[in-house]
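Asker: Predicted model and sequence below, questions to follow.
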Amino acid sequence: MKTQRIHSLDSLRAIMMMLGLVLHSALTYNVTNHGSVWAIKDTESTHIATDFLVLMIHSFRMPIFFLIAGFFGAMLFYERKPWQMIHNRTARIVFPFIVFLIILAPIVQFSFRYASETFSGNENALTTSLAPFSDLHYYIPNGTSHLWFLYYLIYATTFAVVLAFLLKKTPKITSKIKTIGNWIFQKPIVRILVFSGITFIILTLLKTPLIASSTALIPDTNTFVHYTAFYLVGWILYTSKQHLETLKKYDWLSIILAVLLVISQGIIIQYTDLGLKPNSFSFLLITFNSLTVWLFIFGITGLFIRYGSQHSKRMRYVSDASYWVYLIHLPLTALFPIFLLELPFGGIPKFLIVTTATGIVCFITYHYCVRNTFIGKFLNGRKYPRNH
């Protein structure tokens, strides 16, 4: 029996992608220096609130996205023929990744180079930024940039599909996993403790309290292991989908606790020079991050199930637009701060302006250039009629 469209999880996946726009808009106005990860910094307009926002969004955004991707991946695998699922994921993930990586690589490189040169006071920023592009090798991607999540989604999906094929040959093990999953997911406190424990073990084995997502073309073990684990939990969640409604229990409380943990984590990071030994510091951060991510996952997912389970034309539109919005937003979040550089605003107003302006451009281009065109069909599998 095919599962009806789950509007809440569809919307949740879209919002997690859209939060990438918010996160990247905030980085320019962080007090923290992110170095080569984000070379643009408006030193005269920083605000600690943007640091907190980045820390908080980063703690749950991609884990939730990979978990939901795993859920829908399993749905396609079990409710359609496996090879149809593979064809669908290739068309929706692999091809867009390759095409947009090639198209966006020089645009992203120019945008960040130009913004960096401008922020450093170079009066010939445009000429300096364009000069390297006379060499053809600058048009060849040397990393995945903000498309890293698609890159690792390909690996996570491949791993899960291979595992699913193997488990098909061992029905007793498959049944046992499903039984354990059903028992865990229907118990709010147990599921948080169990999955937090698994994340704690993974981070401990990887010897890091926080995964810095790799944008290198050579796959990074830490990034793969960390996010594939969330993908697999989402896959198992699909087999226990009858318990989705139980995620509403303690949803608000989970989010409040997660926010308090993020605040505590921020304070700990600020005061690591007050006698905390490196091992103690790492242990604390791993513990905090492991709990925080699962409190956020079950809390936010519960809220979407509580308030977003009904069909909404507006949210369906946002869901359809989210892929395109995420793909093209990054250069805009680098370029728009240039126009605000000399304005006497603080970090918060500038961040809000960059976020809003980027969102407007992304949605306008989606509506007029993507939704009713071959690009929309390429990304989402369908092309809407005009005025729809």
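Answerer: That came in fine, so what should we check first?
Asker: Packing partners of the host helix or strand of residue 231?
Answerer: In this structure, residue 231 sits in helix 221-239 according to DSSP states H and E. Other helices and strands packing on helix 221-239, by 3 or more C-beta pairs under 8 Å, 6 or more residues apart in numbering; DSSP states H and E, are helix 48-79, helix 148-168, helix 171-185, helix 188-206. All C-beta spots, glycine's among them, are computed from the backbone N, C-alpha and C.
Asker: and these as a markdown table, adding mean neighbour count, mean pLDDT and distance to residue 345?
Answerer: What follows is the helices and strands packed on helix 221-239, written out as a markdown table (neighbours: other C-beta atoms under 10 Å; pLDDT from 0 to 100; distance: least, C-beta to C-beta, whole Å):
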| stretch | mean neighbour count | mean pLDDT | distance to residue 345 |
| --- | --- | --- | --- |
| helix 48-79 | 21 | 95 | 13 |
| helix 148-168 | 18 | 96 | 31 |
| helix 171-185 | 14 | 92 | 46 |
| helix 188-206 | 17 | 96 | 38 |
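Asker: Redo those as CSV? Include distance to residue 90.
Answerer: Shown next, in CSV, are the helices and strands packed on helix 221-239 (distance: least, C-beta to C-beta, whole Å):
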stretch, distance to residue 90
helix 48-79, 12
helix 148-168, 9
helix 171-185, 25
helix 188-206, 28
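Asker: Nearest to residue 354 among those helices would be which one?
Answerer: helix 48-79 (10.7 Å; C-beta to C-beta).
Asker: next structured bit after that closest one?
Answerer: helix 82-89.
Asker: Touching that following helix from outside, list them.
Answerer: By C-beta atoms under 8 Å, 6 or more residues apart in numbering, the residues outside helix 82-89 that reach it are 73, 76, 77, 80, 154, 157, 161, 164, 165, 381.
Asker: Between those, which sits nearest residue 218?
Answerer: Nearest to residue 218 among these: residue 154, at 14.3 Å, using C-beta to C-beta.
Asker: I figured that closest one hits residue 93, correct?
Answerer: Yes - in this structure, residue 154 is within contact of residue 93 by C-beta atoms under 8 Å, at 5.9 Å.
Asker: Not counting sequence-adjacent ones, nearest residue to residue 386?
Answerer: Counting by C-beta to C-beta, 6 or more residues apart in numbering, residue 386 lies nearest to residue 372, which is 5.4 Å off, once chain neighbours are set aside.
Asker: Repeat that for residue 324.
Answerer: Excluding its sequence neighbours, the residue lying closest to residue 324 (C-beta to C-beta, 6+ apart) is residue 366, at 4.6 Å.
Asker: check contacts around the one you found.
Answerer: Per C-beta under 8 Å, 6+ apart, neighbours of residue 366: 321, 324, 325.
Asker: still on that earlier bit, give the buried residues for the helix holding residue 231.
Answerer: For helix 221-239, a neighbour-count test (16 or more other C-beta atoms under 10 Å) marks 222-224, 226-239 as buried.
Asker: Also stretch 248-257?
Answerer: 248, 250, 251, 254, 255, 257.
Asker: Let me have those in CSV, extended by secondary structure, pLDDT and distance to residue 142.
Answerer: Below are these laid out as CSV (DSSP: H, G, I helix; E, B strand; the rest coil; pLDDT from 0 to 100; distance: C-beta to C-beta, whole Å):
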residue, secondary structure, pLDDT, distance to residue 142
248, helix, 95, 45
250, coil, 95, 45
251, helix, 96, 42
254, helix, 97, 40
255, helix, 97, 39
257, helix, 97, 41
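Asker: What is the nearest of the residues you listed to residue 358?
Answerer: Distances from residue 358 to the buried residues of stretch 248-257, taken as C-beta to C-beta, are shortest for residue 255 (26.0 Å).
Asker: Any figure for the gap between that closest one and residue 245?
Answerer: 18 Å (C-beta to C-beta, to the nearest Å).
Asker: and if you look at residue 199?
Answerer: Separation of residue 199 from residue 245 (C-beta to C-beta) stands at 24 Å.
Asker: if we can go back for a sec, of the helices and strands packed on helix 221-239, which approaches residue 303 most closely?
Answerer: That would be, of the helices and strands packed on helix 221-239 and by C-beta to C-beta, helix 48-79, which comes in at 11.5 Å.
Asker: The closest one relative to helix 221-239, how many degrees between them?
Answerer: Orientation of helix 48-79 against helix 221-239 (axes from the mean of the first three to the mean of the last three C-alpha atoms, to 10 degrees) gives an angle of 60 degrees.
Asker: Pull the contacting residues for the spatially most central residue of the chain.
Answerer: Closest to where the C-alpha atoms of the chain average out (C-alpha atoms, centre = their mean) is residue 62, at 3.3 Å. Residue 62 makes contact with 16, 149, 213, 227, according to C-beta under 8 Å, 6+ apart.
Asker: The second one contacts residue 213, doesn't it?
Answerer: It refers to residue 149. Yes - contact criterion C-beta under 8 Å: residue 149 and residue 213 qualify, at 7.5 Å.
Asker: which intervals of the stretch 251-388 of the chain have sub-threshold pLDDT?
Answerer: Residue ranges of the stretch 251-388 of the chain with pLDDT under 70: 270-281, 387-388.
Asker: which ones are touching residue 141?
Answerer: Residues in contact with residue 141, defined by C-beta under 8 Å, 6+ apart, are 101, 102, 105, 217.
Asker: can you redo those residues as TSV with secondary structure and pLDDT?
Answerer: What follows is the contacts of residue 141, written out as TSV (DSSP: H, G, I helix; E, B strand; the rest coil; pLDDT from 0 to 100):
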residue	secondary structure	pLDDT
101	helix	96
102	helix	95
105	helix	93
217	coil	94
